[in-house]
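>>> Sequence and computational prediction follow.
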Amino acid sequence: MNPPPPRGGRRRSDDLEEMIRRAQKRRLRVQKRRRRHASLIAAALVLIVIGILAAGFGGAAAFESSCKLSDLRPVYTGPQGGPANSFVYAADGSLLGAIPAEKNRQPVALSQMGPWMAKATVAIEDRRFYKHGGVDYKGIVRAAVKDLRAGKVVQGGSTITQQLVRNLYISRQRTFKRKIKEACLAIKLARNRSKDWILGSYMNAVYYGNHAYGIEAAAQTYFSRRARKLTLDQSALLAGLPQAPSVFDPIHRPLDALERRDQVLRAMLENGALTRRQYASAVADRQLHLFPGRLYSRIREPYFFSYVRDQLIAEYGANTVRTGGLKVYTTIDPRLQAAARRAIVGTLYSRSDPASALVSIDPATGAIRAMTAVTPGSEGNQFNLVAQAKRQAGSTFKMFVLAAAVNMGINPETTYYVSGPFHYQPDPYSPAWDVSTYDHTYLGSTSIENATLHSDNTVYAQLTLDVGPAKVAAMAHQLGVRSPLTTKEGAYVPSLGLGAIPVSPLDLASAYTTLAAGGIYSKPMAIRKVLLGNGKEDTDAGWGEPERKRVISQGVAYIVTQILEHNVQYGTGTGAYFGRPVAGKTGTTDSYADAWFCGYTPNLEATVWIGYPRGEVPMLNVHGIAVSGPTFPATIWKSFMLSAIGKTRPVDFRVPSVLPTWHSFTRGQYAVGTYSPPPPTYYYGSGGSPPPTPPPPPPPGPNP
């Protein structure tokens, strides 16, 4: 005799039996609910048929008046329609990327879809599509019978035309009245539009999963190809998705997707769209051959792309840019863009290296030809280091001091200062501003031109005070800097002349481009033309029309350019020289946190910045050296320019017919020591008025 089971065992057995009874009750409840639901669906379908048939026996007028095609939303079937993604193209017509949108849609005509796609869609969704008039009465009855037999919904009675109406119908309420109206609209739509139009509209509107609305977006999302190139297997897979995109998701549920694909292939066989041999061959392939595309997520030039997107949003608004189906043709040159990236990566190749940005502009039009940035160890950066990031400009800003001085009639060749430690403290209550040179060596008595070639901070501190920080800022704004150049208190400080106020690489590139153009400012231009969603070019926004104006005389631009040309030949910028007329200026900020080179030829400008994105991180040991303007920035600039224009014919800077008229000039009271050779008389500028008393300076400014 077996001993009785322990109490704990009997309790577990009782619990198990109770769980089984509960599960059985649950299963019965679900089955009843499914049968009841299927009965309701079947009854509704039959009632629709009865209602429509009744309409044919005297109730047609009332039925017809219950719906109007004007109740439908606009139908989008081609490139002129929307909502659709907006796409951005380079100057050569190559695709840069799509504007990110909540829904990816790119409508195409039925003729631009692969022939298998239409056959697969009709077979699985509406096998009598070409025989009925918008509502398939036989199909409704057949679906009702199958649903009742199965005790659940196994087949819908809606035609492709009804589904299209459902996608376009304003109301989304699931009521019997709505189903009747849906059928009415489907009949009217079938009378007013061709079958091909309805089928194409449906495949452009339906959701295929993974944010892909429409067959073109689906083809790109799952197979990285155009809809017109879809194979039989691919078409069958996609045609099966709209019924339940998440259930049959090929990416996340490949086995379910494969089973659904086979269902579509069987439907095609039964519908006469396939031969048995074609069917057997297609089913034998047990792979989905997915090649997920990045058309709607990949952006080839993210920094330039974000700059263009911001301009589009400013003109059209965010909603139109995301869903308006714009085609945006830009000024970017892919060859130069590739050259810029090669120049950066070839110089800063370690994952621990600082980031670098490069922007290049055509002086003749202001067209941006290259705009890129590389952050080692990072796949991307949503923050545009070229257009949005602002960093201290270092000695590249001395160009504005020089240009302002020349514009005032100060001769940089004959005007001398003393290079030496500079102490500025206009009153004992303001903090002192002590300025030294980059390497703490000094030139003694030297001309402004020679001080430029040595990037002498102490001479330029004195010159900034004598010219006036406000005039330096005004010159910077004239030439193209759009960043504010005042402190938080709204003051123009003397250290402005040494690059203490942050600006963007695009700011500096625009300003140096003005010099390359002989004193003519061109607003940076990124967009050549925009095709609106209706396919027409937007001629009202002024895209592609250069905005140019003369801001300084050609003579002033030439004198500054001549000095900067000497700087590349035998000054701080020799690392950028490549055997042709080139002008440029280096820049290094305090503690080696930022390094620059801004340079230009008569037909192309480029500005290079190097630094860590998070800012103010000294670059004291990059490949064994401290990073300054004459090092990596000049190297990157030279490498880029060699690729960009190295094989073109050299062009000389144009000598103007009229050069500046020099005026006598008086150095300010803060000048250092004695200097030679002294001109006989010194007056301040042409107006004879002394410089304004400068405001208190900020902490010590940057090194050259």
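Arrived safely. Numbers count the residues shown, from 1 in each chain.

>>> what about the strands in the stretch 551-700 of the chain?
Taking DSSP state E, counting those that start in this stretch, the strands of the stretch 551-700 of the chain run over residues 583-588, 594-601, 604-611.

>>> Output the contacting helices and strands for the second one.
With contacts defined as 3 or more C-beta pairs under 8 Å, 6 or more residues apart in numbering; DSSP states H and E, the packing partners of strand 594-601 are helix 505-516, strand 583-588, strand 604-611, helix 632-645. Any C-beta I mention is one placed from the backbone N, CA and C, and that applies to glycine too.

>>> Now do Pro630 against Thr452, distance only.
With distances taken as C-beta to C-beta, to the nearest Å, Pro630 is found 14 Å from Thr452.

>>> Among those two, which residue is more densely surrounded?
Thr452 (28 against 22; other C-beta atoms under 10 Å).

>>> Tell me which helix or strand that one sits in.
Using DSSP states H and E, Thr452 maps to helix 448-453.

>>> and if you look at Ile124?
helix 115-125.

>>> In the stretch 151-300 of the chain, where is pLDDT below threshold?
151-157, 167-178, 294-300 (pLDDT under 70).

>>> tell me, how many neighbours does Ile527 end up with?
23.

>>> Would you agree Leu95 is in contact with Phe87?
Yes. Counting by C-beta atoms under 8 Å, Phe87 is a contact partner of Leu95 at 6.3 Å.

>>> Look at those two and report which has more neighbours.
Phe87 (19 against 12).

>>> Relative to Leu241, how far out is that one?
Taking C-beta to C-beta, one finds Phe87 at 24 Å from Leu241.

>>> Equivalent analysis for Tyr202, please.
In terms of C-beta to C-beta, Tyr202 sits 13 Å off from Leu241.

>>> Tyr307: which of the strands of the stretch 551-700 of the chain is closest?
Smallest distance to Tyr307 across these (C-beta to C-beta): 14.5 Å, for strand 604-611.

>>> mean confidence for that closest one?
Average pLDDT, strand 604-611: 96.

>>> Strand 594-601 and that strand, what's the angle between them?
170 degrees (axes from the mean of the first three to the mean of the last three C-alpha atoms, to 10 degrees).

>>> before we move on, back to that, adding mean neighbour count and distance to His423, write the helices and strands packed on strand 594-601 out as JSON lines.
Output for those, formatted as JSON lines (neighbours: other C-beta atoms under 10 Å; distance: least, C-beta to C-beta, whole Å):
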{"stretch": "helix 505-516", "mean neighbour count": "27", "distance to His423": "29"}
{"stretch": "strand 583-588", "mean neighbour count": "31", "distance to His423": "22"}
{"stretch": "strand 604-611", "mean neighbour count": "29", "distance to His423": "29"}
{"stretch": "helix 632-645", "mean neighbour count": "24", "distance to His423": "30"}
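
>>> which stretches of the chain have low pLDDT?
1-66, 70-83, 100-104, 139-157, 167-178, 294-301, 318-319, 378-385, 387-388, 670-704.

>>> Could I get the buried residue list for the helix or strand hosting Tyr460?
According to DSSP H and E, Tyr460 maps onto helix 457-467. Of all the residues in helix 457-467, those buried under the rule 16 or more other C-beta atoms under 10 Å are Asn457, Thr458, Val459, Tyr460, Ala461, Gln462, Leu463, Thr464, Leu465, Asp466, Val467.

>>> Please put the alpha-carbon coordinates of it into CSV.
C-alpha atoms of helix 457-467 as CSV (Å, rounded to 0.1, in the frame of the first residue of the first chain):
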residue,chain,number,x,y,z
ASN,A,457,49.7,89.9,-30.3
THR,A,458,51.2,92.9,-28.6
VAL,A,459,51.3,95.1,-31.8
TYR,A,460,47.7,94.1,-32.7
ALA,A,461,46.5,94.9,-29.1
GLN,A,462,47.8,98.4,-29.5
LEU,A,463,46.4,98.7,-33.1
THR,A,464,43.0,97.5,-31.9
LEU,A,465,42.9,100.2,-29.3
ASP,A,466,44.0,102.9,-31.8
VAL,A,467,41.5,101.8,-34.5
